[in-house]
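[1] need a structure here:
(one chain, ligands or ions: 1)
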Amino acid sequence: MTDLATIKQALQARGQSHLLRFWDELPQPQQEALLRQLAAIDFDLLDALIDKCLKGKQAVFIGGQLVPPQVLPARPADRSGAKEYQQARRRGTELLKAGKVAAFVVAGGQGTRLGHQGPKGCFEATPVAHKPLFQVFAEQIRAASNRSGKSIPWYVLTSPDNHVPTRAFFRRNHHFGLNADDVMLFPQGTVPAIGFDGKLLLTSKGSLADSPNGHGGSLPALQQSGALDDMAERGVELISYFQVDNPLVRCIDQLFLGLHDLRDAEMSAKAVPKREAMEKLGNFCVVDGKVTVIEYSDMPKELARATSENGRLRFSVGSIAVHVLSRSFVQRLTKGRRCDLPLHRAEKTVPYVNPAGKTVKPARPNAVKLEMFIFDAMALTDKTLILQTERNEEFSPVKNARGIDSPLTALRDQVRRAAAWLEAAGVAVPRDAEGQVAAAIEISPLFADSAEELARKIDPNLTITSGQQFYLGSRGQLGGTQ
Ligand code: UTP
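    As a prediction, the model looks like this:
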């Protein structure tokens, strides 16, 4: 580890010596921890960041020409499309059978908007069995492994803050029935918060204010943790990437994997039609020939609202943060431990310790937080693919404590999807006067993780009564209670 004298020198040269102001008061373990935090800082990079992101105040530069991207439809539009999708499904199945697919969930975020204590993946998100999000994904991965007869390794990105509790949660729950050797957890990197005056902040006398470096930080973390090497050893070629907050996500999708492979893509993305021009989703665009996602907050309003001759939005699809990445692409991006994703700045309110040693909780933003975004990797390759999908089937994130994208909307959407699958299979689902589903319904992915699989397995004469808590478990047992 770098010694104190070297760190002192580096801090002094950059006007950051205040970070060691309380050094002499700290017990040795805290001194060591602070030294570790400071030693992890890439000071040259920090100088550049302070210049670019703080003094320049430039959020995102949208230069060049912006046009809508090509998007593959959720359902094939014609016969040749139907043939391609059929082929892609088969290809996806073959890839799974050959053990060439890994699942990758990013769970290193702070989840401040939800406000749940502990890692977000431990949040109980399902309507009847109250399964934590991690279990929802684990069951899908188990189901897909069972179908292909080949285990699917699962990589879980954590943060330095939530790594230990996340690991403990997996252990306590026996990895939700997955083989422990096939589940690998690793923390992502962090970036210090930069005060508006260019000074780094202390959250306590012995600890630097920092935060995870964004979901884009998952790519260097895959490399630095050894996960990419592990994948190579296992013969994994494709990484199925998703976020921890979406209980409707399809973690493993044969069609998506197969299209990515058949079309020789290096990074693919799923998209849904935006509900309205200003919806808080990243907008898929092509900038100077490169597919890019522009965050809703960075998208010029007139472009977000622009319509074509047919009256439809020009930039009509948004990102649901589900990707397939080729391992070789991630390896190329992160070679030499560098990763050239841009850093995005967000102004945040960060509590800090003042020179008198007192904690100050500012009322207004006082610092800049920098994050890498996974979707920026799309602009680093010409080989991309965007597949449109149905929101009802695949997207209902738990972001906020209340209102839209909250636990309540996610519960409602899980019940709606389960009801739609049952009705498509010929089962009568009770509905109220407004047509809303009048029972809580949950289907374990281990019983069926698509409408088609459910239709093959379910008895259409099944009865679900109004107000029932109806759970279809792994062996099709009914865990229903009145
Ligand atoms: P969000 O953008 O919703 O951020 O993350 P968040 O930190 O979870 O929540 P807020 O903004 O504090 O309320 C989207 C996904 O990216 C992951 C999150 O865990 C979630 O799965 N993520 C985000 C990371 O893995 N690391 C990060 O640094 C940021």
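[2] Show me which residues of this protein are close to the ligand?
    Proximity of the chain to the ligand (CB under 6 Å from any ligand atom) is limited to residues 106-113, 120, 157, 188, 212-215, 217, 243-245, 371, 399. For every residue, glycine as well, the C-beta is placed using N, CA and C.
[3] And for Y471, the neighbour number?
    The tally of other residues near Y471 (other CB atoms under 10 Å) stands at 21.
[4] Look up which residues are beta-bridged to it.
    E442 (DSSP bridges).
[5] For the closest residue to the ligand within the chain, pull up the helix or strand it's in.
    Per CB to the nearest ligand atom, G109 is where the chain lies closest to the ligand, at 2.3 Å. Taking DSSP states H and E as the definition, one finds G109 inside no helix or strand.
[6] How about the contacts made by it?
    The neighbours of G109, taking CB atoms under 8 Å, 6 or more residues apart in numbering as the test, are 120, 159, 212, 215, 244-245.
[7] Residues contacting stretch 424-435, please?
    Here stretch 424-435 makes contact (CB under 8 Å, 6+ apart) with 419, 422-423, 437-439, 441, 451, 454-455, 458, 460, 462-468.
[8] again, only using 6 Å
    If you take CB atoms under 6 Å, 6 or more residues apart in numbering as the criterion, stretch 424-435 is touched by 419, 422-423, 437-439, 451, 454-455, 458, 460, 462, 464, 466.
[9] Likewise for stretch 258-273?
    The contact list for stretch 258-273 (CB under 6 Å, 6+ apart) reads 88-89, 91-92, 284, 316-317, 320, 322-326, 329, 377-378, 381, 383-389, 391, 395.
[10] Could the C-alpha coordinates of that stretch be exported in CSV?
    As requested, the backbone C-alpha atoms of stretch 258-273 are provided in CSV (Å, rounded to 0.1, in the frame of the first residue of the first chain):
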residue,chain,number,x,y,z
GLY,A,258,-29.9,-15.5,-30.2
LEU,A,259,-30.5,-12.2,-32.1
HIS,A,260,-27.4,-10.7,-30.5
ASP,A,261,-25.4,-13.7,-31.7
LEU,A,262,-26.9,-14.2,-35.1
ARG,A,263,-26.5,-10.5,-35.9
ASP,A,264,-23.0,-10.5,-34.7
ALA,A,265,-23.6,-7.7,-32.2
GLU,A,266,-21.2,-6.8,-29.4
MET,A,267,-23.7,-4.9,-27.2
SER,A,268,-27.4,-5.2,-27.5
ALA,A,269,-30.2,-3.4,-25.6
LYS,A,270,-33.9,-3.8,-24.9
ALA,A,271,-36.2,-0.9,-25.4
VAL,A,272,-39.8,0.0,-24.6
PRO,A,273,-42.0,2.6,-26.3
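[11] sorry, back to before: dump the contacts of G109 into TSV; add neighbour count and pLDDT as well.
    Output for the contacts of G109, formatted as TSV (neighbours: other CB atoms under 10 Å; pLDDT from 0 to 100):
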residue	neighbour count	pLDDT
K120	23	98
S159	22	96
P212	26	93
H215	22	97
V244	28	98
D245	25	98
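[12] Alpha carbons of the helix or strand of the chain with the lowest mean pLDDT, as PDB, please.
    Least confident helix or strand of the chain, by mean pLDDT, DSSP states H and E, is helix 43-49 with a mean of 80. This file holds the C-alpha atoms of helix 43-49, laid out as PDB (Å, rounded to 0.1, in the frame of the first residue of the first chain):
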ATOM      1  CA  PHE A  43      -5.000  11.700  -8.500                       C
ATOM      2  CA  ASP A  44      -4.200  12.400 -12.200                       C
ATOM      3  CA  LEU A  45      -7.700  11.400 -13.100                       C
ATOM      4  CA  LEU A  46      -9.100  13.500 -10.300                       C
ATOM      5  CA  ASP A  47      -7.300  16.600 -11.500                       C
ATOM      6  CA  ALA A  48      -8.800  16.100 -15.000                       C
ATOM      7  CA  LEU A  49     -12.300  15.500 -13.500                       C
END
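[13] From here on, call the first residue 33.
    OK, 33 is where the count begins now, so the last one is helix 75-81.
[14] What lies in contact with that helix?
    The contact list for helix 75-81 (CB under 6 Å, 6+ apart) reads A42.
[15] ditto for stretch 405-414
    The contact list for stretch 405-414, computed with CB under 6 Å, 6+ apart, reads 246-248, 298-299, 322-325, 351, 373-374, 416.
[16] try 8 Å
    The set of residues external to stretch 405-414 that reach it, using CB under 8 Å, 6+ apart, is 138, 246-248, 250-251, 273, 298-299, 301, 314, 319, 321-325, 327, 351, 353, 355, 357, 361, 365, 372-374, 376, 416.
[17] repeat for stretch 307-320
    Defining contact as CB under 8 Å, 6+ apart, one finds that stretch 307-320 is touched by 94-101, 103, 301, 303-304, 306, 323-328, 331, 333, 336-337, 345, 347, 349-353, 405, 407, 411, 418.
[18] What subset of those residues is buried?
    Buried subset of the contacts of stretch 307-320 (neighbour count, 16 or more other CB atoms under 10 Å): 98, 100-101, 103, 301, 303-304, 306, 323-328, 331, 336, 345, 347, 349-353, 405, 407, 411, 418.
[19] which stretches of the stretch 183-332 of the chain form helices?
    Listed in chain order, the helices of the stretch 183-332 of the chain (DSSP state H, counting those that start in this stretch) span 195-204, 250-256, 259-266, 286-294.
[20] Same question for the stretch 33-182 of the chain.
    36-45, 60-71, 75-81, 111-129, 165-180.
[21] name the helices or strands packed onto the lengthiest strand in the chain?
    For the chain, the strand with the greatest residue count under DSSP state E is strand 349-358. With contacts taken as 3 or more CB pairs under 8 Å, 6 or more residues apart in numbering; DSSP states H and E, strand 349-358 sits against strand 270-275, helix 286-294, strand 299-305, strand 315-319, helix 423-426.
[22] are any of the contacts of stretch 290-305 buried, and which?
    120-121, 123-124, 316, 348-349, 352, 354-358, 361, 409-410, 413, 416-421, 423, 427.
[23] Do I have it right that I496 meets L504?
    No: I496 lies out of contact with L504 (CB atoms under 8 Å); the separation is 10.0 Å.
[24] Looking at those two, which one has more neighbours?
    Taking other CB under 10 Å, I496 and L504 do not tie; L504 has more neighbours (26 against 19).
[25] ok, the closest residue in space to the more buried one that isn't next to it in sequence - contacts?
    Nearest-residue entry for L504: I475, 4.5 Å, with adjacent residues in sequence omitted and distances by CB to CB, 6 or more residues apart in numbering. Listed by CB under 8 Å, 6+ apart, the contact set of I475 reads 450, 453-454, 486, 503-504.
[26] Could you report the separation of I475 from D481?
    Taking CB to CB, to the nearest Å as the measure, I475 falls 8 Å from D481.
[27] remind me which residues of the chain are low pLDDT?
    In the prediction, the chain carries residues with pLDDT under 70 at positions 33, 85, 87-95, 369-370, 508-514.
[28] if you set the cut-off to 90 instead, what comes out?
    Residues of the chain meeting the criterion pLDDT under 90: 33-35, 71-98, 320, 327-330, 332, 341, 368-372, 374-380, 506-514.
[29] and the most centrally placed residue in it, bridged to which residues?
    Central residue of the chain (CA atoms, centre = their mean): Q275, 2.4 Å from the mean position. Bridge pairing for Q275 (DSSP bridges) gives the partners V138.
[30] Good, we can wrap up now.
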